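Student: Could you work out the structure for the sequence below:
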Amino acid sequence: MSSIKITTTPPDLFARFERYPRQLDKVLKTTMRAALLAVWENVPAYPPKPKSSWYVRTGTLGRSLGVSEGGGKIGSPDVFKIEHQGPKYLGTFGSNLNYAPRVIDPDQQEMPWKRYWWTTDTIKHRAEPKVISLFEAMTEELAKFLGGTG
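Tutor: Okay, here's the model as predicted:
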């Protein structure tokens, strides 16, 4: 019998596959944290107080999101967590204030906040380009890891 043998498996490929779950876990966790930071940095400043407003601003909602009334980071958000759920991670950013949904959720209360206050969708849309680029970079990093160049 005459034969030709061809091998296409790089010598350490199987070792990289064995290490891949740990690498994936590490990179997913790091990227999710960076994504939550991107969300946090995109919380807008408070809208200007209406002239007809009867309430006194305390800045509590902003502080619960880890930002000042001007929009800069201060303290820590009430909710900034990363949960490992089976094969994926879930990142959550937000406020624990009982009235926060009426003010900043997409289905915010009609008066006095509707069309006046920004919503969590505003934050999402502002952060989305950076979050997408973070996960694209993560994918490239993982491909390099499997390719043996990273």
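Student: what about this protein, any weak spots by pLDDT?
Tutor: 7-11, 109-115, 150 (pLDDT under 70).
Student: Could you pull out the strands in it for me?
Tutor: Ranges of strands in the chain, per DSSP state E, are 79-85, 88-94.
Student: Can you give the distance of the last one from its chain's centre?
Tutor: By that I understand strand 88-94. Distance, stretch centre to chain centre, for strand 88-94: 7 Å (CA atoms, centre = their mean, to the nearest Å).
Student: Can you tell me the number of residues neighbouring the closest residue to Leu90 other than its chain neighbours?
Tutor: Computed as CB to CB, 6 or more residues apart in numbering, the closest residue to Leu90 that is not its neighbour in sequence is Glu83, at 4.7 Å. C-beta here means a position set from N, CA and C on the backbone, and glycine is covered the same way. The number of residues packed near Glu83 is 10, by other CB atoms under 10 Å.
Student: just Pro77 next, same as before
Tutor: Using other CB under 10 Å, Pro77 has 21 neighbouring residues.
Student: check contacts around it.
Tutor: Pro77 sits next to Trp40, Ser64, Leu65, Gly66, Phe93, Gly94, Ser95 when contact means CB atoms under 8 Å, 6 or more residues apart in numbering.
Student: what sits against Thr31?
Tutor: Thr31 touches Leu134, Phe135, Ala137, Met138, counting by CB under 8 Å, 6+ apart.
Student: what's the closest non-adjacent residue to the second one?
Tutor: Closest residue in space to Phe135, ignoring its immediate chain neighbours: Thr31 at 6.1 Å, by CB to CB, 6+ apart.
Student: Please, where are all the helices along the chain?
Tutor: 13-40, 60-64, 100-104, 120-147 (DSSP state H).
Student: List the buried residues for the first one?
Tutor: Within helix 13-40, the residues that count as buried by 16 or more other CB atoms under 10 Å are Val27, Leu28, Thr31, Met32, Ala34, Ala35, Leu36, Leu37, Ala38, Val39, Trp40.
Student: on that earlier part again, can you add distance to Tyr46 and give the strands of the chain back as CSV?
Tutor: Shown next, in CSV, are the strands of the chain (distance: least, CB to CB, whole Å):
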stretch, distance to Tyr46
strand 79-85, 19
strand 88-94, 17
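Student: wait, which of those strands is closest to Leu13?
Tutor: With CB to CB as the criterion, Leu13 lies closest to strand 88-94 of these, at 25.3 Å.
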